[in-house]
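> Sequence plus predicted model, see below.
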Amino acid sequence: MSYLVVALTVVWFYMMTVFKRARLDFWLFLVGSVGSFILYIIWIQPVFTAPLQNAVAAVTGLLGTWTGMYSSYFQYGILFIQTAEGSLSLYIDYECSGIIEIGAFATMLWFFPVYHFFEKIVVSAAGILMVFMANVFRIFIICACVYFFGGDIYFYAHTIIGRLFFYACTVLLYFYVFTKSHIVRQKIGRFNYDMAD
């Protein structure tokens with residue numbers, strides 16, 4: 001399996017050089033971001049999932065401690081919510097860690113042709129932080145719903161309310177990072193929206 005991954009990585013790198021030399025920006029973006037996301041899932045995701053789960057549980061736990069709604073056992077990635085009906089524990093698993101969303105954002109950004117190298121570093125850091133915090137507030141909203149309305153609302157809070165909040169934050173991030181920046185920096189003939197260039 002590892003030989004196959006290495007061989008496909010070499011082919012992917014070669015394709016990137018071909019697309020770069022041919023100035024095929026669309027194909028460079030498409031194949032580059034998809035290929036780097038696959039490599040991210042294979043090599044980086046297994047290493048960073050557990051620390052990210054603990055970090056999400058720790059930061060979300062700070063909000064729970066501050067509001068008094070729940071407590072966190074971040075070493076185990078668990079949030080403990082005390083309700084009037086009893087108690088409920090919420091485990092921050094692979095899907096709740098935000099590792100996939102962070103990887104998708106970062107790999108798309110690094111092959112997006114609008115930003116320069118140092119801009120990509122800054123935008124990557126800010127975007128990853130925003131995805132992380134949106135995920136933290138999503139889990140906080142789920143815990144708050146359970147705290148105020150009981151364990152019966154957990155399914156709706158997790159499946160609908162929390163996801164709508166997280167997706168709204170993600171859409172805003174993608175709009176500002178990809179759509180708006182592309183519109184502002186596009187150049188048509190001598191006309192350019194970006195007055196700094």
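It's in.

> Low-confidence regions, the chain specifically.
The chain contains residues with pLDDT under 70 at 1, 187-197.

> what about the longest helix in it?
For the chain, the helix reaching the highest residue count under DSSP state H is reported as helix 117-149.

> In the helix or strand just after it, which residues are buried?
Using DSSP states H and E, the helix or strand that follows helix 117-149 in sequence is helix 154-156. Using 16 or more other Cβ atoms under 10 Å as the test for burial, helix 154-156 gives Tyr154. C-beta here means a position set from N, CA and C on the backbone, and glycine is covered the same way.

> what helices or strands is the following helix or strand past helix 154-156 leaning on?
With elements assigned by DSSP H and E, the helix or strand that comes after helix 154-156 is helix 162-174. Helix 162-174 sits against helix 99-110, helix 117-149, with contacts defined as 3 or more Cβ pairs under 8 Å, 6 or more residues apart in numbering; DSSP states H and E.

> if you set the cut-off to 6 Å instead, what comes out?
helix 117-149 (3 or more Cβ pairs under 6 Å, 6 or more residues apart in numbering; DSSP states H and E).

> contacting residues around Gly35?
Gly35 makes contact with Trp12, according to Cβ atoms under 6 Å, 6 or more residues apart in numbering.

> Could you rerun that using 10 Å?
Leu8, Thr9, Val11, Trp12, Phe13, Met15, Met16, Thr107, Phe111 (Cβ atoms under 10 Å, 6 or more residues apart in numbering).

> From the contact counts, what lies against the helix or strand hosting the third one?
Secondary structure assigned from DSSP H and E places Val11 in helix 2-22. Contacts of helix 2-22 with other secondary structure elements, assessed using 3 or more Cβ pairs under 10 Å, 6 or more residues apart in numbering; DSSP states H and E, are made with helix 25-39.

> Just the CA atoms from the helix it packs on would do, formatted as PDB, please.
What follows is helix 25-39, C-alpha atoms only, in PDB (Å, rounded to 0.1, in the frame of the first residue of the first chain):
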ATOM      1  CA  ASP A  25      -4.600  27.100 -13.700                       C
ATOM      2  CA  PHE A  26      -8.000  25.300 -13.500                       C
ATOM      3  CA  TRP A  27      -6.400  21.800 -13.800                       C
ATOM      4  CA  LEU A  28      -3.600  22.800 -11.400                       C
ATOM      5  CA  PHE A  29      -6.200  23.900  -8.800                       C
ATOM      6  CA  LEU A  30      -8.500  20.900  -9.300                       C
ATOM      7  CA  VAL A  31      -5.900  18.100  -9.400                       C
ATOM      8  CA  GLY A  32      -3.700  19.900  -6.900                       C
ATOM      9  CA  SER A  33      -6.300  20.400  -4.300                       C
ATOM     10  CA  VAL A  34      -7.900  17.000  -4.700                       C
ATOM     11  CA  GLY A  35      -4.600  15.200  -4.700                       C
ATOM     12  CA  SER A  36      -3.200  17.100  -1.700                       C
ATOM     13  CA  PHE A  37      -6.500  16.500   0.200                       C
ATOM     14  CA  ILE A  38      -6.100  12.700  -0.400                       C
ATOM     15  CA  LEU A  39      -2.400  12.900   0.800                       C
END
